[in-house]
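Asks: generate coordinates for the sequence data below:
(one chain, ligands or ions: 1)
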Amino acid sequence: MSNAFKVSGPVRKHFVFAILLVAIILCQPRNSYAIEFIGETPPPSEPLSLWYRKPATDWVSALPIGNGRLGAMVFGGISEERLQLNEDTLWGGGPYDPDSPEALAALPQVRKLIFNSNYVAAADLISKKVMARPLKQMPYQTVGDLLLTFPEAKTVENYRRELNLDTATATVSYSCDGVRYTREVFASAPDQVIVVRLTADQPGKISFVAGMKTPMSAMIESDGKNSLVMRGSGGDAEGIPGALKYQARVTVVTSGGNTSAANAAVSVTNADQATIFIAAATSFKEYDDISGDAGAIIKRQISRAVKKSFNKLHKAQMSDHQHLFRRVSLDLGRSELMNFPTDERISHFAEGNDPQLAALYYQFGRYLLISSSRPGGQPANLQGLWNDSPSPPWGGKYTININTEMNYWPAETGNLAECVEPLIAMVKDLSETGARTAKSQYNARGWVTHHNTDLWRATAPIDGPSWGIWPMGGAWLCLNLWEHYQFTGERKVLKEIYPVMKGAAQFFVDTLVEEPKRGWLVTNPSLSPENQHLFGAAVCAGPTMDMQILRDLFTNTIKSGEILGVDPEFREQLAVTRARLAPNQIGHAGQLQEWLEDWDLQAPEIHHRHVSHLYGLYPGHDITLRGTVELAKAVKKSLEIRGDMATGWGTAWRICLWAHLGEGDHAFEILKTLISPERTYPDMFDSCPPFQIDGNFGGAAGIAEMLMQSGNGEIDLLPALPKAWPIGTIKGLRARGGFEVSLNWKEGRLVSATVKSSQVSPVTLRYGDATRALNLKSGEEFVWNGQ
Ligand code: FUC
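Replies: Okay, here's the model as predicted:
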């Protein structure tokens, strides 16, 4: 991937000037003089705000905004404002087919080696014949930066940088030489642009130079007297040529003062105020169609936006955001610590007396989902939407052996069903590309995808046999789809997802094999993500997680077929196959076995970050606290052996699992390690490390699962309430079956639960051992005190 600007033909002369000017601006020793910050800034009036007393000095201190597709990290600098920009379809490579043509012929031998316990030889053969070509997938990339360079400032008074989650607006404000400056930034979903407004409390005080830079292969030039355009392409990756074209456009509109543009920079002097409009798009249309016209799209978006006033644009953006965000409110109590900047609060959360920070963390998770996953766009990837690199960690892709699924854990309970739509669209795509892989690599019907995918919906096994040879990614994603139906209860949703679930199930009907020792039907080859067993490899047959995922998939596919009244023979076949799957087994230490054999305590990494075999308790439905008591005890034992310490997302998963064991205090102890500087950056982004957004979403889900759980016709109220949150209110949570639930508790006890039904469906409310059966009509509300 080239970091150089691409220049050709008639633009060359103009472009050389542009480069020189941008180079001069960018090479200025921006922060070479020390700015003195004085004044004690009060906290923002909106408690659902992240805020700071200094500009961001690194990317994980900058604040994220996004409209689902277009995003920015806002740094809030004094001499320079940096807006690092993203567009969710800007990926490396292009449409490609990575299936290995040698995989199918090798499959019988691979299976034989695994059943003969020849794991290392099996892994070698998989490496040579079965893995994708190329071995890695395409990376999510970055647009680049908009940089605003301001006149020199020596002393800055009462600086505050904040992100208001309720208005989805990042604001920077400070005084300098007796003038109060304010910068507001938001990403609008209705208008598809990012808007920045710069104001001062005195006329003629707004002066800056706007420029752009990018690590991508792109050229930047000015256009007219107030615009900049960046034209570039997605990078080549793993031998796949960068096929996407992209453009970003910046237009500056001022009142008063002078604006001029030359050499890839727009200069504003002595304006009363300035509004900056930013648009970006790529030529991506579908995973197999890249014929879009990015230039035309962004020109249209900007020309529409500049006709509207800032206030009109902001109002439309806020009402669109609040329509989703305000559906759930959470109050866990307040403390003095709310008066401190967010990064300081993160450092002190483990002391246990800042309940509002947990509420803020929960709402930040919902905010991030609204900002990174909207209908018509791409699902939230490993970094959601925000990435400053052409080659981010793990390619910033969709890792579907936990991470992408976890991104959507808080969505349904958090009343954000719309935000799941991009995921559903991606899984539909995968059912098409995965049908190709099922046929070519397994000679099977249906569809399959392994442990990662990308914008191009690649489905073959990648990276190497210890990670990639896991055929369950699509089957797990089907659970997210089924949950979407469970929560909404809408038949049209079921009709849409049923063919995808059926295809996923069909693949396993064709590929499960009989395990020689006990005759169980198992996956082979597979692995328990990404854990090695004691025989020097991860590849194996029938790991526990696979069987749990398949029991869920088959059960849910059968139920769907029944509701829709279709495929009776296939349903019968699934029921017979399900009965022959390897069961959950309890090992000699009382733990839930991770593999077909009792290898857990001899595995090299007994504290491994993945807790794959515990999928059955959460997010799966194979094991429940009251329904399968012995298995739930075994899960607890496994969790104790695994330990509480993990990566960000591993920590978040453990919170959810302890919540499903009904152990709120233990879940809270782990939450303390999640909301700590080790796993939460100053801007509250989760650290894997490095930054990975799944922990934010999993942590938010964990908080919700402590307060309410639902399933098997029950809604469990305050199932894992920790002592740390004796008083609280939550409004607007969603429960399976189409219910909306609000709770209010005092002294650690439920005061009232309000349950509203959006359809006719019976449900039992549970509070501890007390239960109450309900049969509500659509729209009917019921209030219960838990007795
Ligand atoms: C999984 C994890 C890693 C990382 C990667 C993106 O494979 O095991 O820790 O989160 O995804």
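
Asks: which residues touch I298?
Replies: Residues in contact with I298 (CB atoms under 8 Å, 6 or more residues apart in numbering) are 247-249, 279-281. Just so you know, the C-beta spots here come from the backbone N, C-alpha and C atoms, and that holds for glycine as well.

Asks: I meant E530, not that one.
Replies: E530 sits in contact with 401, 451, 466-467, 538, 610, where contact means CB under 8 Å, 6+ apart.

Asks: show me which of those are buried.
Replies: Those of the contacts of E530 that meet the buried threshold are 401, 451, 466-467, 538, 610, by 16 or more other CB atoms under 10 Å.

Asks: pick the one among the contacts of E530 closest to G627.
Replies: H610 (24.4 Å; CB to CB).

Asks: next, that closest one: phi, psi?
Replies: The phi/psi pair for H610 (degrees, to the nearest 10) reads phi -70, psi 140.

Asks: mind checking how far it is from the ligand?
Replies: Separation of H610 from the ligand (CB to the nearest ligand atom, to the nearest Å) stands at 6 Å.

Asks: what residues does the chain put near the ligand?
Replies: Contact residues, the chain versus the ligand (CB under 6 Å from any ligand atom): 382, 394, 399, 401, 403, 530, 609, 647, 649, 688, 692.

Asks: picking that back up, inside strands: which ones of the contacts of I298?
Replies: Those of those mapping onto strands are 247-249, 279-281, per DSSP state E.

Asks: looking at the residues you listed, which is nearest Q192?
Replies: A279 (6.9 Å).

Asks: please give the element, helix or strand, for the closest residue to that closest one other than its chain neighbours.
Replies: In this structure, A279 finds its nearest non-sequential neighbour in I298, 3.8 Å apart by CB to CB, 6 or more residues apart in numbering. Take DSSP states H and E as the rule and I298 turns out to sit in helix 294-305.

Asks: so what's the gap between that helix and the chain middle?
Replies: Relative to the chain's own centre, helix 294-305 is displaced by 28 Å; criterion: CA atoms, centre = their mean, to the nearest Å.

Asks: did I read that right, Q573 in a strand?
Replies: No - judged by DSSP: H, G, I helix; E, B strand; the rest coil, Q573 forms no part of a strand; its state is helix.

Asks: which ones are touching it?
Replies: Contact partners of Q573, counting by CB under 8 Å, 6+ apart, are V509.

Asks: circling back to that earlier point, mind listing what's buried along the helix holding I298?
Replies: Neighbour-count burial for helix 294-305 [16+ other CB under 10 Å]: 294-295, 297-299, 301-302, 305.

Asks: save those as TSV, and put in pLDDT and distance to N158 too.
Replies: Shown next, in TSV, are the buried residues of helix 294-305 (pLDDT from 0 to 100; distance: CB to CB, whole Å):
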residue	pLDDT	distance to N158
A294	98	41
G295	98	42
I297	98	41
I298	98	37
K299	98	40
Q301	98	36
I302	98	34
A305	98	31
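
Asks: do you know the pLDDT at P29?
Replies: What the model reports for P29 is a pLDDT of 44.

Asks: one more: P42?
Replies: pLDDT, P42: 94.

Asks: surely T680 touches L671?
Replies: No - contact criterion CB atoms under 8 Å: T680 and L671 do not qualify, at 10.6 Å.

Asks: measure whatever residue of the stretch 451-600 of the chain ends up closest to the ligand to A504 for me?
Replies: Residue nearest to the ligand within the stretch 451-600 of the chain: E530 (5.0 Å; CB to the nearest ligand atom). In this view, E530 and A504 are 21 Å apart by CB to CB, to the nearest Å.

Asks: doesn't the residue of the stretch 451-600 of the chain closest to the ligand fall inside a helix?
Replies: No - using three-state DSSP, the assignment for E530 is coil, not a helix.

Asks: tell me the phi and psi of it?
Replies: Per-residue torsions, E530: phi -100, psi 50 (degrees, to the nearest 10).

Asks: next: N164.
Replies: The phi/psi pair for N164 (degrees, to the nearest 10) reads phi -90, psi 110.

Asks: strands of the stretch 551-700 of the chain, residue ranges please.
Replies: Applying DSSP state E, counting those that start in this stretch to the stretch 551-700 of the chain gives no strands.

Asks: nope, the stretch 301-450 of the chain is what I meant
Replies: Counting by DSSP E, counting those that start in this stretch, one finds strands in the stretch 301-450 of the chain at the ranges 329-331, 398-399.

Asks: just for this structure, where's the confidence low?
Replies: For the chain, the stretches with pLDDT under 70 are 1-33.

Asks: mind checking how far F115 is from F508?
Replies: Look at F115 and F508: by CB to CB, they are 18 Å apart.

Asks: picking that back up, and of the contacts of E530, the nearest to G352?
Replies: Relative to G352, the closest of the contacts of E530 is H610; by CB to CB it sits at 28.4 Å.

Asks: for that closest one, which non-adjacent residue is spatially closest?
Replies: Leaving out its chain neighbours, the residue that sits closest to H610 by CB to CB, 6+ apart is P529, at 5.1 Å.

Asks: go through stretch 632-649 and flag the buried ones.
Replies: Buried-residue list, stretch 632-649, by 16+ other CB under 10 Å: 632-639, 641-642, 644, 646-649.

Asks: from the residues you listed, which land in helices?
Replies: Using DSSP state H, the subset of those located in helices is 632-639, 641-642, 648-649.

Asks: check these and tell me the two furthest apart.
Replies: Pairwise across those, and taking CB to CB, the largest span is found between K633 and G648, at 27.7 Å.

Asks: if I pick V156, what's in contact with it?
Replies: Going by CB under 8 Å, 6+ apart, V156 touches 35-38, 78, 174-176.

Asks: would you agree it falls within a strand?
Replies: Yes - looking at V156 with three-state DSSP, it is inside a strand.

Asks: beta partners of it?
Replies: On the basis of DSSP bridges, V156 takes part in beta bridges with F37.

Asks: what separation do you get for it and G77?
Replies: Separation of V156 from G77 (CB to CB): 11 Å.

Asks: so what's the residue count around the residue lying closest to P375 once chain neighbours are set aside?
Replies: Take P375 and drop its neighbours on the chain: the residue closest to it by CB to CB, 6+ apart is E421, 4.3 Å away. Using other CB atoms under 10 Å, E421 has 18 other residues around it.
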